[in-house]
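> Return a 3D structure for these sequence lines:
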Amino acid sequence: MQKLIYPALLLGLLSTAGCQSSTKKTDSNMANTPAAATPNPDTTASATGADTTAITYKLPNPEPFETLIGGKKTGLYILKGKGIEVAITNYGARIVSLLVPDKAGKMTDVVMGFGNTAAYQKANEGFYGPIVGRVGNRIAKGTFTLDGKTYHTELNNNGNTLHGGPSGFHTRVWEARQINDHTVQLTYVAKDGEGGFPGNLTTTVTYSIDESVAGQPGLKIDYKATTDKVTPVNPTSHAFFNLNGEGSGTINNHVLRIDADKFSAVDKGLIPQGEPVPVANTPFDFRKPTAIGARVETKNEQLTFGKGYDHNWVLNHKMGTLSEVADVTGDKSGIKMTVLTTEPGLQFYGGNFFTANDPGKYGRAANFREGLALEAQHYPDSPNHPSYPSILLKPGQTYTQTTVYRFGK
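The predicted structure is shown next:
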């Protein structure tokens, strides 16, 4: 169950403030083909990346983000620390840019996105960088039962609800308050019945520069939510990363590690089927650093369903404790991103549905497997699986979650 704080306890606490949406066509039943021994991290795919030496990475101009959506103002908020610069927009509470130095000291934008609000609204892929919710990931058939009542949520993914549906958090203008040059706080109140979910839900997301480890700056994301009716809550950040820099080509040669002994096996609609299964002897074993593309073309039903990786890993750490759970390193930049979270699961999406239709901030559109997402969250379709860690939030409780993306070399 998510960490809950009752009002009586709040007095003593300081308050800080999957992925793709394309149709998948596959069939057959699960039958993993055992993989070979974990390859050397140097094992890479044959694809080569684009040359980004000519790209000058920089924070975007705020002016194209200053507009009105539904009568509400949108804007761009800049956070800066030693060795890190971040741009956040309150449209979808999304990360627009994140610049850190590569092995040569060149500031490199490792988050994929666009240079203006209109581009986010028009993009074929709607989940560039936002906070998604109120329930991230999938709800099977957009249906769940709570206290004897069946709820029907808006559908947007092969007959399922993905990331809160078509009117989820990613489409909303959040109220923003820049606290200082390190911190911005964003709040959104989802109305009772919005997207088909019960309860008026107030969610606050605080982005802040993390300088707790010298020489390894990070972006910390703190979540808080309260409700006036029992409701499922499972928000997450849906930032797309390319550690070699936006526009640099394939992420197949990025080296990934996930501290998880199990993952959620899914059906062809990417809905979990029963209890998590072991990663051992499958292409889903990233317990040792492994190139993302090393086994992605293995004959394996689960990879067929997702057209690659688009699955939830069941993390080994203790839920509710902020700890390192994964890391990924750009093969050309040398930039290493470490993920810390309090959540029990991590959805790894390997960019299988990018189609080069959405030119990014630097004029280059993302193609097949040119970006990745590492989304800290509870398990997909949790409302329909009583054995999974609960995502139900009750009146009088406060949902909290923390995730940190930390950068080094």
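
> In space, what's closest to L346 - neighbours in sequence excluded?
W313 (4.9 Å; Cβ to Cβ, 6 or more residues apart in numbering). Any C-beta I mention is one placed from the backbone N, CA and C, and that applies to glycine too.

> How many neighbouring residues does that neighbour have?
By other Cβ atoms under 10 Å, the residues close to W313 number 27.

> Okay, it and I258: tell me how far apart.
5 Å (Cβ to Cβ, to the nearest Å).

> Can you tell me the element the residue nearest to L346 falls in?
strand 310-315 (DSSP states H and E).

> Next secondary structure after that strand?
Using DSSP H and E, the helix or strand that follows strand 310-315 in sequence is strand 323-329.

> per-residue confidence for the nearest residue to K80 once chain neighbours are set aside?
The spatial neighbour of K80 that comes closest, neighbours along the chain excluded (Cβ to Cβ, 6+ apart), is D181 at 5.5 Å. Looking at D181, its pLDDT stands at 98.

> Repeat that for T43.
Residue-level pLDDT assigned to T43 equals 43.

> I am assuming I55 contacts Y362, so please confirm or correct that.
Yes. In this structure I55 lies within contact range of Y362 using Cβ atoms under 8 Å: 5.3 Å.

> residues shared between the contacts of these two?
Contact criterion Cβ atoms under 8 Å, 6 or more residues apart in numbering; residues shared by I55 and Y362: G247.

> The residue lying closest to K220 once chain neighbours are set aside bridge partners, please.
Excluding the flanking residues, the one nearest K220 by Cβ to Cβ, 6+ apart is D210, at 4.2 Å. On the basis of DSSP bridges, D210 is bridged to G218.

> ok, D210 - contacts?
Going by Cβ under 8 Å, 6+ apart, the list of residues near D210 reads 217-220, 404, 406.

> again, but for A118
64, 67.

> Quick one: mean pLDDT for the helix or strand where it lies?
Per DSSP H and E: A118 is located in helix 117-122. Confidence over helix 117-122 (mean pLDDT, whole number) is 98.

> Stretch 393-409 now?
Rounded mean pLDDT across stretch 393-409 is 98.

> Buried residues of that stretch, list them for me.
393, 397-408 (16 or more other Cβ atoms under 10 Å).

> Among those, which one sits closest to V110?
F407 (7.7 Å; Cβ to Cβ).

> What's the separation between V328 and I131?
For V328, the distance to I131 - Cβ to Cβ - is 21 Å.

> And these two? Which one has more around it.
Neighbour tally, V328 and I131, criterion other Cβ under 10 Å: the higher count belongs to I131, 29 against 23.

> Any idea what that one is bridged to?
Residues in beta-bridge contact with I131 (DSSP bridges): S237.

> that older thread, now do the same contact list for the residue nearest to L346.
Contacts of W313 by Cβ under 8 Å, 6+ apart are 258, 260, 262-264, 279, 284, 286, 326, 345-348.

> all helices for the chain, in order.
7-10, 117-122, 301-306 (DSSP state H).

> With distance to K82 added, can I get those helices in TSV?
Converted to TSV, the helices of the chain look like this (distance: least, Cβ to Cβ, whole Å):
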stretch	distance to K82
helix 7-10	32
helix 117-122	29
helix 301-306	38
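
> right, so the ones you listed: which one is the most enclosed?
helix 301-306 (a mean of 22; mean count of other Cβ atoms under 10 Å).

> Take that helix, keep the C-alpha atoms, and write them as PDB.
C-alpha atoms of helix 301-306 as PDB (Å, rounded to 0.1, in the frame of the first residue of the first chain):
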ATOM      1  CA  GLU A 301       5.900 -13.600 -26.600                       C
ATOM      2  CA  GLN A 302       6.200 -10.800 -24.000                       C
ATOM      3  CA  LEU A 303       8.400  -8.800 -26.300                       C
ATOM      4  CA  THR A 304       6.000  -9.400 -29.200                       C
ATOM      5  CA  PHE A 305       3.100  -8.100 -27.200                       C
ATOM      6  CA  GLY A 306       5.000  -4.800 -26.400                       C
END
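
> Check the offset of that helix from the chain's centre.
In terms of Cα atoms, centre = their mean, to the nearest Å, the gap separating the centre of helix 301-306 from the centre of its chain is 20 Å.

> Quick one: mean pLDDT for that helix?
Mean predicted lDDT for helix 301-306 stands at 98.

> what do you get for stretch 158-172?
Stretch 158-172 comes out at a mean pLDDT of 98.

> quick one: that stretch to chain centroid distance?
14 Å.

> for stretch 148-166, same thing?
That offset, for stretch 148-166, works out to 19 Å (Cα atoms, centre = their mean).

> okay, how far is it across it, tip to tip?
Stretch 148-166 has an end-to-end distance of 26 Å (Cα to Cα, to the nearest Å).

> Next: stretch 265-285.
13 Å.

> By mean pLDDT, point me to the weakest helix or strand of the chain.
Taking mean pLDDT, DSSP states H and E as the measure, the chain has helix 7-10 as its least confident helix or strand, at a mean of 36.

> can I assume the residue nearest to K80 is in contact with L79?
Yes. Counting by Cβ under 8 Å, D181 touches L79, with 6.6 Å between them.

> more neighbours, those two?
L79 (22 against 12).

> Compute the number of surrounding residues for the closest residue to the more buried one other than its chain neighbours.
Of all residues not flanking L79 in the chain, V86 sits nearest, at 4.3 Å (Cβ to Cβ, 6+ apart). Residues near V86, counting by other Cβ under 10 Å, number 25.

> And for the one 3 residues further on?
Counted with other Cβ under 10 Å, residues neighbouring T89 total 29.

> So what sits opposite it in the bridge?
In beta-bridge terms (that is, DSSP bridges), T89 pairs with L76, R94.

> Tell me which residues touch it, please.
65, 74-77, 96, 117, 120.

> For the residues you listed, which two are the farthest from each other?
It's Y77 and Y120 that sit farthest apart of these, by Cβ to Cβ, at 14.9 Å.
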